[in-house]
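**Student:** Sequence and predicted model, in that order:
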Amino acid sequence: MRSRQLETALTEFLGAAADHLRAEVAAGAEVPFELGSKAGRRGHAATPLYCYRALTGQFIGEREAALKRLPGHAEAAKLLERFDGLDRYLTSVGGDAARAKGRARVRAAIKALLEDVFDEQTDFELRPERLQAGLERLQQSELANASEIALVATLHGVTIASAELPLASGLRIAQRDALQGVPEAAVSAIDEGRAESHLIVLYTIEQDDTREALLTGRAVLQDLLSALRLFGDGRVTLGALAWARIGAGPWTPLALGAGGRPHGMLVVTVEQEDELRAFCNLVSRRTPHDNELAWALRRFELGCERADPHEAHLLALRALLEPEGPSSGLLAGRLAALCATPDERAELTERIVQAVALERSIVAGTAVKKKGAGKALAEDVAGHLRALLRDVICGHLEPDLAAIADELLDGEPELGDEDEELDSEPLSNPAQDVLPIESVAKASVS
């Protein structure tokens, strides 16, 4: 899949480089030449023919520092650094470029591209056919080989400021028109009959075992979905269908079994991109799979896939905060201890008591439909659950949330004891406009 964003950035930089190099020549700089020879025409093989070859690469290399200061260089370098075909491109170029390591790989790739586009030129005119050929050679290094599996899915309920957002090796999300070569059905996909803006998810992996590669791809998509749902308050969903391709073969539809409809919109600004990238990596490494937290996270996911998430999210909170069972009545107080300041705990406790009462009335079939009030309660419950899950996965809170809450409650002063200092911040507050990697527990337990 070809990246339009990468091609646009490289085209702009190459245009600026051409202007700079032409100006150098006009100011009197000379492109060095070397004298070469080749065999003569048939019948005159013993007579060598001599010719001059412009050493464009040497001329460009001597001006590398100036070229790095040109407009567009920083953007082109950033996109190249995240280009999945970078190593294959450097290998195809050979020489010093193939031996480059670390961040020097990007500098080597830019120099190789400049030499390719302006090879043996002394006028440094940016000729469209040579530019296109150079970009083709770069992009072809990302084309699937026989053992590469590509997986494309649609992502709903998220918008990004950039055309593309690489998140990990082989994984990126992009605007619908940012990639060339993806299935047309993915570009024009609609969500349950409603034409809505959506993003494209692309994941590629090199693996001989196709079945294992697809299982890995599904797991990566699920981790991405979990991370996005925990990152912000938008109810993000994947489309029901994905498309898989082996090597350069045809795209094949693949059912994901995803459910739910998007609610709200998670907006990822340019400033948040690095944080989201780090958070996705953290979630993929630290998501639990076999304990109470894993169970609660799954209930959170199920709630995000339902029209009414209320019951699923309350069950998740009980797993984290009320292991004694609902009859203990401890859920509301413990949640308030973790997620509210001392002077706001009574109010939050009452809200959770109302949410529990609503759950009981739903079970009994006596619930009165008050869409506004019920929706507000459900959003409160979801917000606090998301904040707690996020802080535990990020390592800001220990998994035993019930014990932490009890310690906080046990440490409260008696009424009238004004000498005891109270922590003014909750451990986890979903109302705070703080991103997950930056959020830290504001209170500590000794």
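**Tutor:** Received, thanks.
**Student:** quick one, helices of the stretch 101-250 of the chain?
**Tutor:** Applying DSSP state H, counting those that start in this stretch to the stretch 101-250 of the chain gives helices spanning 104-117, 128-140, 184-187, 210-231.
**Student:** Out of the ones you listed, which gets nearest to Glu344?
**Tutor:** helix 210-231 (23.3 Å; C-beta to C-beta). The C-beta positions use only the backbone N, C-alpha and C, and glycine is treated the same way.
**Student:** quick one: the closest one to chain centroid distance?
**Tutor:** For helix 210-231, the distance from its own C-alpha centre to the chain's C-alpha centre is 12 Å (C-alpha atoms, centre = their mean, to the nearest Å).
**Student:** can you check stretch 379-389 too?
**Tutor:** 22 Å.
**Student:** likewise stretch 390-398?
**Tutor:** Averaging C-alpha coordinates over stretch 390-398 and over its chain gives two centres that are 20 Å apart (C-alpha atoms, centre = their mean).
**Student:** Looks like Glu24 contacts Arg63 (just checking).
**Tutor:** Yes - with contact defined as C-beta atoms under 8 Å, Glu24 counts as touching Arg63 (6.7 Å).
**Student:** coming back round to it: can you list the helices of the stretch 101-250 of the chain in TSV and add mean pLDDT, distance to Tyr203 and mean neighbour count?
**Tutor:** As requested, the helices of the stretch 101-250 of the chain are arranged in TSV below (pLDDT from 0 to 100; distance: least, C-beta to C-beta, whole Å; neighbours: other C-beta atoms under 10 Å):
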stretch	mean pLDDT	distance to Tyr203	mean neighbour count
helix 104-117	92	22	21
helix 128-140	88	18	15
helix 184-187	87	13	15
helix 210-231	90	5	19
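**Student:** Please dump those helices into a markdown table; it should also carry distance to Ile404 for every row.
**Tutor:** Below are the helices of the stretch 101-250 of the chain laid out as a markdown table (distance: least, C-beta to C-beta, whole Å):
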| stretch | distance to Ile404 |
| --- | --- |
| helix 104-117 | 45 |
| helix 128-140 | 51 |
| helix 184-187 | 44 |
| helix 210-231 | 19 |
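**Student:** Of all those helices, which one is nearest Arg386?
**Tutor:** That would be, of those and by C-beta to C-beta, helix 210-231, which comes in at 5.9 Å.
**Student:** Using PDB, list the CA coordinates for the closest one.
**Tutor:** Once side chains and other backbone atoms are set aside, the C-alpha atoms of helix 210-231 remain, and they are given as PDB (Å, rounded to 0.1, in the frame of the first residue of the first chain):
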ATOM      1  CA  THR A 210      -0.900 -18.000   7.500                       C
ATOM      2  CA  ARG A 211      -3.200 -19.200  10.200                       C
ATOM      3  CA  GLU A 212      -0.900 -18.000  13.000                       C
ATOM      4  CA  ALA A 213      -0.400 -14.700  11.100                       C
ATOM      5  CA  LEU A 214      -4.100 -14.100  11.000                       C
ATOM      6  CA  LEU A 215      -4.500 -14.900  14.600                       C
ATOM      7  CA  THR A 216      -1.800 -12.500  15.500                       C
ATOM      8  CA  GLY A 217      -3.400  -9.900  13.300                       C
ATOM      9  CA  ARG A 218      -6.800 -10.300  15.100                       C
ATOM     10  CA  ALA A 219      -5.000 -10.000  18.500                       C
ATOM     11  CA  VAL A 220      -3.200  -6.800  17.300                       C
ATOM     12  CA  LEU A 221      -6.600  -5.300  16.200                       C
ATOM     13  CA  GLN A 222      -8.200  -6.200  19.500                       C
ATOM     14  CA  ASP A 223      -5.300  -4.600  21.400                       C
ATOM     15  CA  LEU A 224      -5.600  -1.500  19.300                       C
ATOM     16  CA  LEU A 225      -9.400  -1.300  19.900                       C
ATOM     17  CA  SER A 226      -8.900  -1.700  23.700                       C
ATOM     18  CA  ALA A 227      -6.200   1.000  23.800                       C
ATOM     19  CA  LEU A 228      -8.400   3.500  21.900                       C
ATOM     20  CA  ARG A 229     -11.400   2.800  24.100                       C
ATOM     21  CA  LEU A 230      -9.200   3.400  27.200                       C
ATOM     22  CA  PHE A 231      -7.400   6.400  25.800                       C
END
